[in-house]
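Engineer: Need coordinates for the following:
(one chain, ligands or ions: 2)
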Amino acid sequence: MKIGIIGGGNMGGSIARGLVRSGFMPASDIAVSSPRNVTLDALSADCPGLQVSTDNSTVVQGVDVIMLAVKPWLIGKVLDEIAPRVAFREQIIVSLAAGVSLSDIDAMLHRYSSSRTLFRAIPNTAMLVGSSMTFLCSDNATPQQVDMVKSIFDALGTAAVIEERLMGAATALCSCGIAYAMRYVRAATEGGVELGIYPHKAKEYVLATLRGAVELLEATGNNPEVEIDKVTTPGGITIKGLNAMEAHGFTTAVIEGLKASSNG
Ligand SMILES: NC(=O)C1=CN([C@@H]2O[C@H](COP(=O)(O)OP(=O)(O)OC[C@H]3O[C@@H](n4cnc5c(N)ncnc54)[C@H](OP(=O)(O)O)[C@@H]3O)[C@@H](O)[C@H]2O)C=CC1
Ligand SMILES: O=C(O)[C@@H]1CCC=N1
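Structural biologist: Numbering: from 1, shown residues only. Ligands and ions are numbered 1, 2, ... in the order given. Coordinates of the predicted model:
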């Protein structure tokens with residue numbers, strides 16, 4: 001398999017770096033285009049052998065999968081640039097653009113081809129370390145094509161194929177969600193500092209605690225409340241902390257944040 005990636009930023013760059021680092025494919029089978037040489041030079045330094053170009057239409061030649069990793073408002077412009085060089089019957093287009101639907105992309109390509117295979121992929125920034133939760137949906141794809149695209153994102157973490165109607169919710173939960181998790185880490189770290197722990201130590205302790213929480217939930221399969229019950233001694237300090245957090249809107253703040261993201 002060969003992959004052409006248009007846009008070498010957070011997403012496009014992480015896909016290229018992640019696929020090479022994981023050993024999923026050699027750098028020589030990946031081509032990346034981006035307008036600035038500084039972006040391409042950094043990618044080439046990390047992934048020797050990668051094919052790089054400032055010309056988007058170059059990277060679509062001879063690849064099986066074309067990834068669109070540019071900002072949402074550039075998708076139409078990029079498609080107009082590459083469409084004359086795309087073999088729509090053979091090449092799969094995967095858009096990473098949040099909020100741009102399969103039918104939006106289909107409409108942009110209507111004048112170039114009557115039949116095409118389209119995917120949307122919504123990963124998160126943890127692709128870089130092989131731990132992204134990525135959501136996929138598709139139009140006009142065979143089961144083999146779905147397996148092929150899923151295998152790419154499984155190499156960068158865990159991929160799930162979902163209905164397109166759920167993409168907004170999934171984006172909020174897991175793609176924006178990584179920023180929300182970071183904000184919890186920052187908040188907990190700041191709390192630790194106020195309680196007298198050095199910042200770098202507080203962050204280390206918070207991360208270790210979160211790792212433990214994730215592993216407990218994964219190992220037991222329990223609802224988080226079951227695990228919370230094990231921590232909250234009646235009349236003890238944990239319930240006092242939880243109730244103070246709820247009094248300040250913890251759960252509501254998280255849910256309202258997710259809803260705001262998903263409506264955006
Ligand atoms: N960031 C995230 O967490 C997530 C982002 N997405 C989606 O992924 C897409 C990319 O986002 P992200 O990677 O964060 O954005 P970045 O800004 O990090 O990367 C975009 C890249 O596009 C390049 N670029 C700009 N104009 C063009 C062009 N005309 N042709 C080719 N490349 C171009 C830029 O190049 P250069 O560096 O050379 O200037 C840049 O490297 C967006 O549509 C976003 O909605 C989806 C899920 C999560
Ligand atoms: O904030 C955004 O719009 C992008 C899409 C999902 C994560 N970042």
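
Engineer: How about the contacts made by residue 26?
Structural biologist: Applying Cβ atoms under 8 Å, 6 or more residues apart in numbering to residue 26 gives the contacts 20, 49. Placement of C-beta: from N, CA and C, glycine included.

Engineer: Not counting sequence-adjacent ones, nearest residue to residue 12?
Structural biologist: Of all residues not flanking residue 12 in the chain, residue 69 sits nearest, at 3.2 Å (Cβ to Cβ, 6 or more residues apart in numbering).

Engineer: and the gap between that neighbour and ligand 2?
Structural biologist: The spacing between residue 69 and ligand 2, counted by Cβ to the nearest ligand atom, to the nearest Å, is 12 Å.

Engineer: swap in residue 172?
Structural biologist: Distance, residue 172 to ligand 2, using Cβ to the nearest ligand atom: 8 Å.

Engineer: tell me the SS of that residue?
Structural biologist: helix (DSSP: H, G, I helix; E, B strand; the rest coil).

Engineer: To what extent is it buried, counted in neighbours?
Structural biologist: 21 (other Cβ atoms under 10 Å).

Engineer: shouldn't it be in contact with residue 255?
Structural biologist: No - with contacts counted by Cβ atoms under 8 Å, residue 172 stays clear of residue 255, the gap being 10.4 Å.

Engineer: What average pLDDT does stretch 209-222 get?
Structural biologist: Averaging pLDDT along stretch 209-222 gives 98.

Engineer: buried set for that stretch?
Structural biologist: Buried residues in stretch 209-222, counted by 16 or more other Cβ atoms under 10 Å: none are found.

Engineer: Show residues contacting it.
Structural biologist: 181, 184, 185, 224, 226, 227.

Engineer: Please compute how far that stretch lies from its chain's middle.
Structural biologist: Centre-to-centre, stretch 209-222 and its host chain are 22 Å apart (Cα atoms, centre = their mean, to the nearest Å).

Engineer: and if you look at stretch 164-175?
Structural biologist: Relative to the centre of its chain, stretch 164-175 is centred 11 Å away, using Cα atoms, centre = their mean.

Engineer: Can you give me the first-to-last residue distance of it?
Structural biologist: 15 Å (Cα to Cα, to the nearest Å).

Engineer: Run through who's touching that stretch.
Structural biologist: With Cβ under 8 Å, 6+ apart as the test, stretch 164-175 has contacts from 98-99, 101-102, 120, 122-124, 133, 135, 137, 160, 162, 258-259, 261-263.

Engineer: One more: stretch 188-204?
Structural biologist: Residues outside stretch 188-204 that contact it (Cβ under 8 Å, 6+ apart): 185, 205, 206.

Engineer: Mark which of those are part of helices, please.
Structural biologist: Of the contacts of stretch 188-204, the ones assigned to helices by DSSP state H are 185, 205, 206.

Engineer: can you put these in JSON lines and add distance to ligand 1 and neighbour count?
Structural biologist: Below are the ones in helices among the contacts of stretch 188-204 laid out as JSON lines (distance: Cβ to the nearest ligand atom, whole Å; neighbours: other Cβ atoms under 10 Å):
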{"residue": "185", "distance to ligand 1": "16", "neighbour count": "15"}
{"residue": "205", "distance to ligand 1": "26", "neighbour count": "14"}
{"residue": "206", "distance to ligand 1": "22", "neighbour count": "20"}
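
Engineer: got a list of what the residue in the stretch 1-150 of the chain positioned nearest to ligand 1 touches?
Structural biologist: Using Cβ to the nearest ligand atom, residue 9 is the residue of the stretch 1-150 of the chain that sits closest to ligand 1, at 1.8 Å. Taking Cβ under 8 Å, 6+ apart, we find residue 9 in contact with 34, 39, 69.

Engineer: Could you rerun that using 10 Å?
Structural biologist: Residue 9 sits next to 34, 36, 39, 69, 70, 71 when contact means Cβ atoms under 10 Å, 6 or more residues apart in numbering.

Engineer: That's all I had, so thanks and see you.
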